[in-house]
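[1] pasting a predicted model and its sequence here:
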Amino acid sequence: MKKTIVFGIFFLMGTITFAQQQQNLKLWYTTPADASVKDVDDGWKNDEEWLKALPVGNGFIGAMIFGDANKERLQLNDKTLWSGSVADNDNPDAFASLQEIRNLLFAGKYKEATALTNKTQVCKGAGSGNGNGSTVPFGCFQTLGDLWIDFGKKATYKNYYRDLDIINGIASVKYDQEGIQFKREVFASYPAKALIVHLSASKAKALSFTLDINRPERFTTVAQQNKLLMTGTMNNGAGGEGMKYKVIVTPVLKGGSIQTSGNKLVIKDATEVMLVITSATNYRLHYPDYTNNSYETELEQLTAAAVSKPYAMLRREHVADFSSYMKRVSLELGNNKNGALATDALLQKNKQTQDEQELYALYFQYGRYLLLSSSRQGSLPANLQGIWANKIQTPWNCDYHTDVNVQMNYWPAEVTNLSETHLQLTELIASLQAPGTKTAQTQYHAGGWVMHPITNVWGFTAPGEHPSWGLHVGASAWMNQHLWEHYAFTKDQAYLKKVFPILQSAAAFYLDWLVKDPVSGKLVSGPAASPENNFIAPDGSQASISMGPSHDHQVIHDLFANTLDAADVLGIKNETIEKIRSAIDQIPDPAIGSDGRLMEWAKEFKEVEPQHRHVSHLFALYPGHQVSYYKTPALAQAARKSLELRGDGGTGWSLAMKVSFWTRLHDGDHALKLLNRLLNPVHSSGVEMTNSGGTYNNLFCAHPPFQIDGNFGATAGIAEMLLQSHEDFIELLPALPASWKDGEVKGLCARGGFELNMKWKDGKLTDAVLLSKKGGDCKVKYGNAEISLQTVAGKTYPLSGLLK
Ligand code: FUC
């Protein structure tokens, strides 16, 4: 029985109060990461010790803290530090073959079509360098280097403890050595735009060490005026000089002395030392001018400002800033043991019990921590490793992959109440409109703008160098979903007005790109790959390119629908909008195959790898919503069948994505099964594409190698277990796993500008409160009960009508 109660004027005054009783939200360990072990000189191999180090970041600068007692290593990153340069990768010869490829595909001549596509529908130049782009114009994100704090000791130590407090964003290290207690704290301050290290000891004058900074190549370090300066120029990938960078390390001493020794600093007998580490590059995200000529002056100014403040003040300002975001959301799950087990032990224990609810809550908040640390206002978005990378040639260039990866990074942004972080992605998207317009014209003689499955900081929007993965023409449609989603959650009309031209222009591209299928008369996309899956074509050839892959139609449908909704909200009427309105219904809907699965391609092709990690044709289930548990049950059933056939294995991000798929099918237990797979403790190893995803010692997600999207995807997936709002209602606890009997969550966000607090016991909702941030109507559903509310901005509403 459906229970519908309409609340008209009833509301409670005030807003939700977040009396946070945060559980012990720390990653903690009783052993350090060994800084004496050298990194493996291979971008695709991870380093065991580096994956024990703990990450801090402020969106601009990131650091991995080893916590080694005798010689500390802080591996550093600057978000903008890339090799490469702006390049023209658009292929003017592509268009001449486009029609012929379409004709061949419509005629079922896959072999010929594939050959011609491989030859013509690719970028000009070296593209991503086959994922090794450090020496081609595409470039790659690289390590900034390592700061070494060498105590020159061999003495043993005891009572060792290190942790990462993810609510306050502070890493600390403690140990006793030679009768003295030593303590370090490290944080990346967003207000100060600096990395701050604080060293202290229980005895006066106990701190003596040498400071050094270096990187594997392209650096000069000088010690001058009691500071370390490291400078260098990157490879532009075209035989010349690229981006310039500069790092300044400024020690501030209480007691003791400081001396220069070659290109190192020697600190002796200090009682307390603060290190202020600042960095900058001459990069700016501003097409077509990517150079910031005043970066050195800006760097000096912010260094002087940070150095002028006492440690306690810098710490206070950082904690106030960082924790204000982290504390917006809390999650408590039943059998929380309050941090009794060290994080590595907790991970191991979960392997046996598959029920460490404390780990789930910690992993969820850690995902929020990582997003906040790698995506702050004014910086670039989180890349394949967030902001943490220790190589020159990083895996897949540590770029922005747009055929699932960077999108996944931002899936938790809105629902877990970190909406501001999302703006970094939307700014990157905005910056791609101009190069993407050129790509649309050059490659396809089409209007609007388009991008393909990879981009970098240099505005790369051309297809990749091989069509099997590089001809993902749906990428810009998928990326544009993020522009709409930010509005859907925030109702920020000024923002929507700003991004509307980008949305509309992205949609305009597809108006030109879609062609009429000669048999069905529908508008289909192609030639295109369904990322990154291959099939056996009817002519027996192995193929990836076809006309009408379902993924493209789903993302284009989503873009068209969002653009139309945006035009309605803003009262915009024009010819393009009318064209989109008439085109949207001509795009084929997701279809069900003879074996009951949701079809990935227009025809029932046999897959080359049936358990392929990409499940792109379920976009419509998540993060899209064209396939709905309630409104299109047959399609939802078909999506379930597809998932069953794909299996429960996969790389890290693939497992994470499947968590969300199962939540949208209201199967919390299956979602939890995938989450447990993702939390499988793994050690470092080379690249293995299937069935080997998991979690490293420091809770970084293993693709493998380390790739951060899985952390973010699973964080979003946990939120989707508890709250969904993609239909025209908000649903509470839609996919609660049976074992998560008791719990409480506060501060999750729903579309429409709402925030929810919920408590449940024995698997049943016992308390729920809604905060309306923007006013307006909403429907809230729990099980079979449903209520409608007319809300006023700033008010909270108890949802007692939903409780049985
Ligand atoms: C896509 C995926 C890979 C990897 C890479 C960064 O190409 O297929 O698994 O995540 O992006």
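    Here it is on my side, so go on. This structure is a prediction, so every number in the text was calculated from the model and none was measured.

[2] grab the nearest non-local neighbour of Ala507.
    Once flanking residues are discounted, Ala507 sits nearest to Thr563: 4.5 Å by CB to CB, 6 or more residues apart in numbering. Where C-beta positions appear, they are placed from N, C-alpha and C, glycine not excepted.

[3] where does that neighbour fall, phi/psi-wise?
    phi -70, psi -40 (degrees, to the nearest 10).

[4] who's in contact with the closest residue to the ligand within the stretch 401-550 of the chain?
    When distances are taken as CB to the nearest ligand atom, the stretch 401-550 of the chain reaches nearest to the ligand at His401, 4.2 Å away. By CB atoms under 8 Å, 6 or more residues apart in numbering, the residues touching His401 are Leu384, Pro453, Ile454.

[5] what about 10 Å?
    By CB atoms under 10 Å, 6 or more residues apart in numbering, the residues touching His401 are 128, 383-384, 407-409, 453-455, 464, 469, 472, 475, 531, 653, 707, 709.

[6] do Gln504 as well
    Taking CB under 10 Å, 6+ apart as the criterion, Gln504 is in contact with Gly448, Asn480, Leu559, Thr563, Leu564, Ala566, Ala567, Ile572, Asn574, Thr576, Ile577, Ile580.

[7] now those residues in CSV, with neighbour count and distance to Gly693?
    Compiled in CSV, the contacts of Gln504 are given as follows (neighbours: other CB atoms under 10 Å; distance: CB to CB, whole Å):
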residue, neighbour count, distance to Gly693
Gly448, 23, 36
Asn480, 26, 28
Leu559, 27, 29
Thr563, 27, 35
Leu564, 18, 37
Ala566, 23, 36
Ala567, 21, 40
Ile572, 16, 43
Asn574, 10, 45
Thr576, 17, 41
Ile577, 18, 42
Ile580, 21, 38
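
[8] of these, which are in range of the ligand?
    When the contacts of Gln504 are filtered against the ligand using CB under 6 Å from any ligand atom, no residues are retained.

[9] closest to the ligand among those residues?
    Using CB to the nearest ligand atom, these come closest to the ligand at Asn480, 19.4 Å.

[10] quick one: name the residues of this structure near the ligand.
    The chain comes close to the ligand at residues Leu384, Trp396, His401, Asn405, Trp469, Glu532, Arg613, His614, Thr651, Trp653, His703, Gln707, as judged by CB under 6 Å from any ligand atom.

[11] in strands, which of the contacts of His401 appear?
    For those, membership in strands holds for Ile454, Thr455, with DSSP state E as the criterion.

[12] pLDDT below threshold where in the stretch 551-700 of the chain?
    Counting by pLDDT under 70, the low-confidence segments of the stretch 551-700 of the chain come to 684-691.

[13] nearest to the ligand within it, name that residue for me.
    Using CB to the nearest ligand atom, the point where the stretch 551-700 of the chain gets nearest to the ligand is Thr651, with a distance of 5.3 Å.

[14] now that residue: phi and psi?
    Backbone phi and psi, for Thr651 under degrees, to the nearest 10, turn out to be phi -70, psi 170.

[15] hang on, it packs against Val615?
    No - with contact defined as CB atoms under 10 Å, Thr651 does not count as touching Val615 (11.5 Å).

[16] list residues touching both of these two?
    Shared contacts of Thr651 and Val615, defined by CB under 10 Å, 6+ apart, are found at Met657.

[17] counting neighbours, what do you get for Gly139?
    If you count neighbours by other CB atoms under 10 Å, Gly139 ends up with 30.

[18] tell me the contacts of it?
    By CB under 10 Å, 6+ apart, the neighbours of Gly139 are 81-87, 128-129, 133, 234-237, 242-243, 397, 399, 456-458, 460.

[19] now intersect the residues you listed with the strands, please.
    Met234, Asn235, Gly242, Met243.

[20] for the nearest residue to the third one once chain neighbours are set aside, what are its contacts?
    Which is Gly242. Counting by CB to CB, 6+ apart, Asn236 is the residue found nearest to Gly242 once chain neighbours are left out, at 3.4 Å. Contacts of Asn236 were listed using CB under 10 Å, 6+ apart, and they are Ser83, Gly84, Ser85, Val86, Ala87, Thr135, Val136, Pro137, Gly139, Gly242, Met243, Trp458.
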